[in-house]
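> how does the following fold in three dimensions:
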Amino acid sequence: MAPPVILRRFELSDLDHFWVWASDERVAATCTWEAYESKDDLRQFMEENVLTNPWFRAIVVGGRPVGAVSIKFSEEGGGQCRGEIGYVLAREWWGKGVATAAARLATEAALSEIEGLERVEGLVEKGNKASQRVLEKVGFQREGVLRKYCWMKGGMRDMVMYGFIRGDRFLI
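Residues are numbered from 1 along each chain as shown. Here you go, the predicted model:
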């Protein structure tokens, strides 16, 4: 059973906690971004992208951020009728149900708070079975494999598309 998880907006004072996963090469290995090598660069990213985005939230366990979850909206195809979920977690919390709890909380909050949002998508690299399982445990439906969908970490990657539609049933 996962420890109690809450989501909240990030604050600049969370920089040291954010650094734990953002600088970890094993964490970044399945992400589109590279592990940070400079706290100054991470601070700039937080100031420009995290603190200004209402859907970039800290995953908090025991009073401290241990990861992040975000919902990104597409400029094309109807604006805020669909959003893409993304999540990242410090390695010490892998396999403990924290990412699953956070994905459920974020999906539920987004669907209840954002007018017009009908669909939350998750795109997961085909080889990232743990992340696929997170979405499946929440209740996302696997919709298919997008072959050679994006360039990431030096090569073309197949991505698995998951979808959760307003009215779908949460499994956890």
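> which of the three states applies to Pro54?
Classification of Pro54 into helix, strand or coil gives coil, according to DSSP: H, G, I helix; E, B strand; the rest coil.
> looking at it, it is touching Arg9, isn't it?
Yes: contact status for Pro54 versus Arg9: in contact at 7.2 Å, counting by C-beta atoms under 8 Å. For the C-beta atoms, the positions are set from N, CA and C on the backbone; glycine is no exception.
> which helix runs longest in the chain?
Using DSSP state H, we find that the single longest helix of the chain is helix 98-113.
> what's that one in contact with?
Residues outside helix 98-113 that contact it (C-beta atoms under 8 Å, 6 or more residues apart in numbering): 2-3, 5-7, 55, 57, 59, 61, 66-67, 69-71, 83, 85, 87, 89, 93, 117, 120, 122, 131, 134-135, 137-139, 164, 166, 170, 172.
> which of the residues you listed fall in strands?
Taking DSSP state E, the ones among these that sit in strands are 5-7, 57, 59, 61, 66-67, 69-71, 83, 85, 87, 89, 120, 122, 164.
> circling back: and the contacts of helix 98-113, which are buried?
5, 7, 55, 57, 59, 61, 66-67, 69-71, 83, 85, 87, 89, 93, 117, 120, 122, 131, 134-135, 137-139, 164 (16 or more other C-beta atoms under 10 Å).
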